[in-house]
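Engineer: have a look at this prediction, sequence included:
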Amino acid sequence: MSKVMEKVRFIFRTFIFVVIMDCSAASINLVQYPSLILSLVSRHLYRRYIQFTQAMFGSLIVLLTYLFTPVEIVVTGNHRHLDKDATAVIMANHQIYSDWWWLWILAWKRNAHGSLKIILKESLKFLPVFGWGMQFFEFIFLARKWALDRVTMSKILHRSLRDKLPVWLVIFPEGTIITDDTKEKCRAYAKKMDIPDDPQHVLIPKSTGLYFCLKNLQPAATHLWDITMGYQGLDGKQTPYEVYSLSRVFFEAKGPERVHMHVQKFPVKDLPGFNEAATMNTRDDEKMDRSEVESKKDEDRSEQFSLWLRKRFLEKDELMAEFYKNGQFSDDGDEPLIIRPVPTLADWASLAGVLSLGTGVAITLWNWWI
């Protein structure tokens with residue numbers, strides 16, 4: 001009988017979650033489309049409006065967390081100056097598919113939940129409702145073909161600078177979540193590229209996208225914010241994705257009781273590849289024209305940054321080993337921040353408003369159609 005009740009409970013929770021999520025997201029998406037008219041008048045007002053709708057989605061995330069997977073987020077390290085007005089590049093290790101969910105809650109706590117830009121795989125842009133909404137948010141979708149992706153990234157990043165609005169750009173340099181399969185692929189890649197690193201709790205990062213983002217967001221992005229994420233209930237030998245799958249977290253009420261985030265910030269101007277010109281001898285300079293010299297310098301800077309990033313992820317690997325040993329990250333730095341995602345009156349009001357408005361728009365379109 002207990003198994004039957006557990007199955008019934010799972011189906012009921014899943015149904016309610018999907019109804020709330022889909023209806024709210026569809027309503028937010030519906031109220032986004034009229035903004036296309038606003039975009040013809042003022043790009044700035046258009047982006048302000050879209051940020052408002054994105055903040056609504058952030059409120060929805062908080063509401064769903066509150067109802068379905070109550071959690072406490074513990075933020076340690078140098079997090080105090082990661083504020084809502086920043087142009088911030090945030091990199092994080094990627095353990096489970098809901099990593100971005102908890103980062104959005106951190107943004108909500110800082111009142112920056114309308115300013116996120118997340119780098120995702122291209123296939124997600126075509127999802128009904130959610131994909132359309134993320135295109136309005138101007139998330140960056142990658143085809144994993146650098147010739148195409150650099151054009152897409154450059155366009156969106158430079159447009160963000162021209163907008164002169166806060167941006168929290170989130171990137172996962174590992175490119176995928178950590179599993180036994182991705183670990184093996186990572187080791188194969190390391191062997192092919194003659195890379196000696198063999199981390200246990202992270203994957204070897206790819207630096208191209210992160211370097212490009214930092215370079216193209218200058219001078220607005222003054223710091224790289226490095227967040228190391230750890231989940232309570234794991235012992236380091238388990239596969240995070242299996243223990244905290246989306247189904248277990250949201251539909252089975254078996255998510256982590258605590259999500260830990262350790263924040264470290266690095267001034268961009270001090271990072272290898274940014275703090276000094278690439279080393280080239282004078283004879284090489286004389287043999288090349290100016291464009292070739294600049295191209296070679298950029299390659300050298302990119303390589304310097306790549307080496308630093310790999311070293312950084314080895315340090316994150318050590319941080320994760322410490323986390324699994326102690327059950328938490330060290331609390332050096334700013335006073336720890338404890339986030340308990342509970343919707344505020346503003347969150348309830350914005351969601352109620354968008355649901356009402358979305359329902360009204362849907363009814364009007366339906367009456368017009370028939």
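Structural biologist: Sure, I can see it.
Engineer: wait, Phe57 sits on Ser27?
Structural biologist: No: when contacts are counted by C-beta atoms under 8 Å, Phe57 is not listed as touching Ser27 (10.4 Å). Heads up, the C-betas are built off the backbone N, CA and C, glycines and all.
Engineer: which residues of this protein fall in strands?
Structural biologist: Here the chain has its strands, by DSSP state E, at 72-77, 87-92, 116-121, 140-142, 167-171, 223-231, 258-267, 337-339.
Engineer: would a markdown table of these with mean neighbour count be doable?
Structural biologist: Shown next, in a markdown table, are the strands of the chain (neighbours: other C-beta atoms under 10 Å):
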| stretch | mean neighbour count |
| --- | --- |
| strand 72-77 | 20 |
| strand 87-92 | 24 |
| strand 116-121 | 20 |
| strand 140-142 | 20 |
| strand 167-171 | 24 |
| strand 223-231 | 23 |
| strand 258-267 | 20 |
| strand 337-339 | 16 |
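Engineer: to Ser35, which of these lies closest?
Structural biologist: strand 116-121 (17.1 Å; C-beta to C-beta).
Engineer: neighbouring contacts of the closest one?
Structural biologist: 54, 58, 100, 103-104, 107, 134, 137-142, 144, 156, 160, 167-172, 209 (C-beta atoms under 8 Å, 6 or more residues apart in numbering).
Engineer: please redo it, this time with the cut-off set to 6 Å
Structural biologist: Applying C-beta atoms under 6 Å, 6 or more residues apart in numbering, the contact partners of strand 116-121 are Trp100, Ala107, Phe139, Ile140, Phe141, Val167, Trp168, Leu169, Val170, Ile171.
Engineer: show me the shaky parts of the stretch 151-300 of the chain.
Structural biologist: Counting by pLDDT under 70, the stretch 151-300 of the chain contains low-confidence residues at 276-294.
Engineer: let's see it at 80
Structural biologist: Counting by pLDDT under 80, the stretch 151-300 of the chain contains low-confidence ranges at 275-298.
Engineer: and the helices in it?
Structural biologist: Applying DSSP state H, counting those that start in this stretch to the stretch 151-300 of the chain gives helices spanning 180-192, 208-216, 240-243, 246, 282-287, 290-326.
Engineer: can I get the ones you listed in JSON lines with mean neighbour count?
Structural biologist: Formatted as JSON lines, these follow (neighbours: other C-beta under 10 Å):
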{"stretch": "helix 180-192", "mean neighbour count": "13"}
{"stretch": "helix 208-216", "mean neighbour count": "20"}
{"stretch": "helix 240-243", "mean neighbour count": "18"}
{"stretch": "helix 246", "mean neighbour count": "13"}
{"stretch": "helix 282-287", "mean neighbour count": "10"}
{"stretch": "helix 290-326", "mean neighbour count": "16"}
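Engineer: quick one, which of those helices is nearest to Leu64?
Structural biologist: So among these, helix 246 is nearest, using C-beta to C-beta, at 11.8 Å.
Engineer: from the contact counts, what lies against that closest one?
Structural biologist: Using 3 or more C-beta pairs under 6 Å, 6 or more residues apart in numbering; DSSP states H and E, no helix or strand is in contact with helix 246.
Engineer: how much space between Asp198 and Thr182?
Structural biologist: As for Asp198, its distance to Thr182 is 14 Å (criterion: C-beta to C-beta, to the nearest Å).
Engineer: got the buried residues for stretch 96-109?
Structural biologist: Residues of stretch 96-109 classed as buried: 96, 98-109 (neighbour count, 16 or more other C-beta atoms under 10 Å).
Engineer: what's the domain layout of the chain?
Structural biologist: 1-68+343-370, 71-115+166-339 (automatic domain parsing).
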